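Peer 1: no sequence for this one, just the structure:
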C-alpha cells in the first residue's frame, strides 16, 4: 500500500519542487541535504496539501474513537455544513480528470487488496456522491483525497497524511539532483528565465 | 538492497535530527514539510556524510569508466597517498564497533545476494585491510563506508551516495513527528534544556 | 522602524528555533545555511505566526484600496463577527503581559515618531478596546499584533508581515550558532535529553 | 559596516535563490518561512561560500591568538603552499571584474572609516599581490574575499563569515516573495521551463 502511494506521488516532470532542488544543488553541491530540503519545502497547501485538509475533514466528521456507523448521515451532515459555509470540500473533483481520477481508483483498489480500505475510504466516496448531487456535476474522489482517506484508515493521525507526499517529493528531488549531476541544466534554465523576463515597474 | 540500506539508516533514538524536527513541528504544526526539512538538514559531514567522502575516494581511485582491474595496486596507492598527506581514510574504523561493524557486514551480505556487490565493495575492503597493516589496529569497513561502496557499485554518481542517509532521516523525522502528534514532548524538552543551562559570560 | 521591529524579534534565550539551529550545526557544520534554515522553519503558527493572522484580519476588514474612514464601525463589525463565529481575535491579549505588552507600546511609539503609524494601527487598537468591553477582561494589543498592524501601515501585503519574525529568527539562529562555534553545547544537550527520557510503550 | 555588507549581498536579479524561493512560495504560500529557507539553502560553495574558505585560509595562516606581525612572510608562505599543492586561493580574482572588484574596494573603504580594517584585510591584499606576481595576471581581492577578511577583523570565528551572505539571501528572498505576492510569475516561469525542455534519453 505504502509503495503504491509513493509511486503515485514521486515528482513527475519538472515541477516547482524539482526546480527548487536543482537551483539549490547548483549553488551548494556540497550539501545535498539542502537541495532535498528545498524540494520538500514546497509540499504545501497549493499542490499537495489537500490530502491533509481531506484527512482533517474526515477526522472531524468521524473521530477515530467514535463508534458511529451511519456513514450516510455523517456524509450528509458534512456536505451540507460545508456548502452552507461556502467552504470547499477537499479531496473530490479534479481539473483534468473530470470523470474520475485513475490514480485514486488504483489506490482504492490496492487498499482493498491489502485490507486497508475501511470506513474513511467509504465515507469519502459517499461525500463525493452527495456533493455531486447537490452541485450538479461530477466530483469523483481525486488522488490526494484517496491518500487522505487511506492514511486515516491506516490509523495515522490526520496531521500525518501529508507525509506520503513529502516522502514522494524527497525521492523526486533526489532523482532530479541525480540527473543534474550527470547532465546539468540549472544554469541554462536560470539563463533562460532571465532572458525571458522584462522588468516592468509597478503602477 | 535499497530497503536494507534505508532500514539501517532510519533515525534510531532521539538524534539531533529528531530533536530539530520535533522543535520545528512544535512551533509550526501547519507546515509538516518544514519539520521534515529540519530533520534532513543535519545530514551533514559529522554524522552521516562519510558515505559521500568514501564514495568520492573510491571514485577518484577507480573512475567508473576505468578498465583497470588490479584492485590491490589501487588500494595500495590510495592508502599510501592518504597516510602520506595525513588525511583520514573515510569508511573504515568505528568508535564503538572496533572489531567489525555488524551493519556493514549485513549490507555486504545483501549486496552479494542481490548481485550488487562489485569492484567498489571489494576495493574498500582491500583499503581497510591495508590500512590496518600500516596503522597497526583493526580498521574494518563501517556502515557509511559500506553504503558509499554499494552506491558506487549500483552505478550512482559519488555525489548521490548520501541520498540514502537523507531518505532515512526523512523517514525518521516523520516517525518522530508522528509520535509528537500523539504524545508531545518538545515543550517539556525545551523546558528541561532551559532549566539545565546556566549562562556563563565569556572570558 | 524596521530596526526596532527586528530588535524586538531576535530570538531571546534558548528557543525551539535556537535548539534546532544548534542541533543542525552540530551534525552539518560545513553548511551554515542549513542551520539558519532550521532556525527559521519554526516561524510558524504557534510562536510567531499571529502577526500574519492579525494582518489578514485587518486587510479583510479594511482592504488597502478602500476609502472607508469610519474605523469605529469597521472595528465593531470585526469584533462582532469574530465573537459570533467563536473565532480568536489575533494580535490582542497576552499570557504574561496581561495589563499591556511593553514591546507593543514601544513599537507604536517608534511608528509614530517615524510617521508609519496609520489607520491600521488605530484600527487594531479600537478592535482591542471593543473586544475588552465584550469579553470583560483586559485585551491590550500584543507584540505580534503591533507588527501586523505596522506592516500593513507600511504598505506591505498582509502575507509579508511574518517576514520580520523570520529575519529576527535568522539573526537569532546565526548568533546561537556563533556561540555554538566558540562554546559547543549541542552534544551535551542531546545527551541530557536522552538521559531524561524514558520510553513508555503506547497503550 | 554590517549595513554595507548586507547591501552588497542582497540578491540582485533573478538568482537561483530567488527562483527557489518563488517556486516554493507558489506551492506553499501558507508557510513563508519555507520559501525563505529555500532561498538561503543555496548559499553554498559555488556562489557565496568563498568568503568562508577565504576566512579559513586567513585563520590558518594567522590564528586569532597569534602575536605574529610579519604579514609579508605569512602571505608568502600561504601563496607558495597553495600553489605547490595546486589549490585555489579563495577571495582573489573575478571572472567579470578582472581589473578590480568595485564592491571589494567599497567594503575596504567602509572598513577603514569604521576602524574595522585590520591585519586580516591587510594580509589578504598582500596575498593577492604575491599571487599576481607568481601567476602573472591581475588577481585583485574580490567581494567575497573582502567579506571573509573583514569578518575576521571583526573578531568573528571563520565559520561565521558566510552569515552575511545568508542574511543577504534571506532579505533578497523576502523581497522576491513580496513581489511574487503582488505580481506572481512562478507559474509562468515554470511553464516556460517546461516548454523549453526536451527530454533526451541518456546514452
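Peer 2: Cool, the structure landed. Computed from a predicted model, the values in this text were never measured in an experiment. Residues are numbered from 1 along each chain as shown, chains lettered A, B, ... in the order given.

Peer 1: Enumerate the residues of chain A near chain D.
Peer 2: Taking Cβ under 8 Å from any Cβ of the partner chain as the criterion, chain A approaches chain D at residues A:13-17, A:19-20, A:23-24, A:26-31, A:34-35, A:37-38, A:41-49, A:182-183, A:185-186, A:189-190, A:192-194, A:196-197, A:202. Heads up, the C-betas are built off the backbone N, CA and C, glycines and all.

Peer 1: which of these count as buried?
Peer 2: Among the residues of chain A next to chain D, the ones that count as buried by 16 or more other Cβ atoms under 10 Å in any protein chain shown are A:14-17, A:19-20, A:23-24, A:26-31, A:34-35, A:37-38, A:41-49, A:185-186, A:189-190, A:192-193.

Peer 1: could you pick out which of the residues you listed are near chain C?
Peer 2: Answer for these near chain C (Cβ under 8 Å from any Cβ): A:28, A:30, A:31, A:34, A:37.

Peer 1: Is the longest helix along chain A in proximity to chain B?
Peer 2: Selection of the longest helix in chain A by residue count, based on DSSP state H, yields helix A:163-182. Yes. Where contact is defined by Cβ under 8 Å from any Cβ, part of helix A:163-182 touches chain B, namely A:163, A:166, A:167, A:169, A:170, A:171, A:174, A:177, A:178, A:181, A:182.

Peer 1: Identify the residues contacting the third one.
Peer 2: By Cβ atoms under 8 Å, 6 or more residues apart in numbering or on different chains, residue A:167 lies in contact with A:6, A:9, B:167, B:170, B:171, B:174.

Peer 1: that older thread, now, which of the buried ones among the residues of chain A next to chain D lie within helices?
Peer 2: For those, the ones inside helices are A:16-17, A:19-20, A:23-24, A:26-27, A:34-35, A:37-38, A:41, A:186, A:189-190, A:192-193, with DSSP H as the criterion.

Peer 1: How about the contacts made by the residue most central in space within chain A?
Peer 2: Closest to where the C-alpha atoms of chain A average out (Cα atoms, centre = their mean) is residue A:48, at 3.4 Å. Contact criterion Cβ under 8 Å, 6+ apart gives A:9, A:144, A:162, A:165, A:166, A:169, D:27 as the residues in contact with residue A:48.

Peer 1: Give me the buried subset of the residues you listed.
Peer 2: The neighbour-count criterion (16+ other Cβ under 10 Å) marks A:9, A:144, A:162, A:165, A:166, A:169, D:27 among the contacts of residue A:48 as buried.

Peer 1: Residue A:156 touches residue B:175, doesn't it?
Peer 2: No. With contacts defined as Cβ atoms under 8 Å, residue A:156 does not count as touching residue B:175, sitting 11.0 Å away.

Peer 1: which ones are touching whichever residue of chain A sits closest to chain C?
Peer 2: Proximity of chain A to chain C (Cβ to the nearest Cβ) peaks at residue A:31, 4.0 Å away. In this structure, residue A:31 makes contact with B:44, C:28, C:30, C:31, C:33, C:34, D:41, D:44, judged by Cβ under 8 Å, 6+ apart.

Peer 1: In the helix or strand of chain A with the lowest mean pLDDT, which of the residues would be classed as buried?
Peer 2: Using mean pLDDT, DSSP states H and E, the weakest-scoring helix or strand in chain A turns out to be helix A:2-9, at a mean of 74. Across helix A:2-9, burial judged by 16+ other Cβ under 10 Å covers A:4, A:5, A:6, A:8, A:9.

Peer 1: My read is that the last one contacts residue A:163, right?
Peer 2: No. The pair residue A:9 / residue A:163 is not scored as a contact, 10.3 Å apart, by Cβ under 8 Å.

Peer 1: re earlier: pick the one among the contacts of residue A:48 closest to residue A:76.
Peer 2: Distance from residue A:76 was checked for each of the contacts of residue A:48 by Cβ to Cβ. The minimum falls on residue A:144, at 22.9 Å.

Peer 1: Let me see the confidence value for the closest residue in space to residue A:140 that isn't next to it in sequence.
Peer 2: In space, residue A:140 comes closest to residue A:100 once its chain neighbours are excluded; the distance is 4.4 Å by Cβ to Cβ, 6 or more residues apart in numbering or on different chains. At residue A:100 the predicted local distance difference test score is 83.

Peer 1: Which of the three states applies to residue A:100?
Peer 2: coil (DSSP: H, G, I helix; E, B strand; the rest coil).

Peer 1: From chain D, how far off is it?
Peer 2: With distances defined as Cβ to the nearest Cβ, to the nearest Å, the gap from residue A:100 to chain D amounts to 25 Å.

Peer 1: ok, the nearest residue to residue A:41 once chain neighbours are set aside - contacts?
Peer 2: Ranked by Cβ to Cβ, 6+ apart and with sequence neighbours excluded, the top spatial neighbour of residue A:41 is residue D:34, at 3.9 Å. By Cβ under 8 Å, 6+ apart, the residues touching residue D:34 are A:41, A:42, A:44, B:31, B:33, B:34, B:37, C:41, D:24, D:25, D:28.
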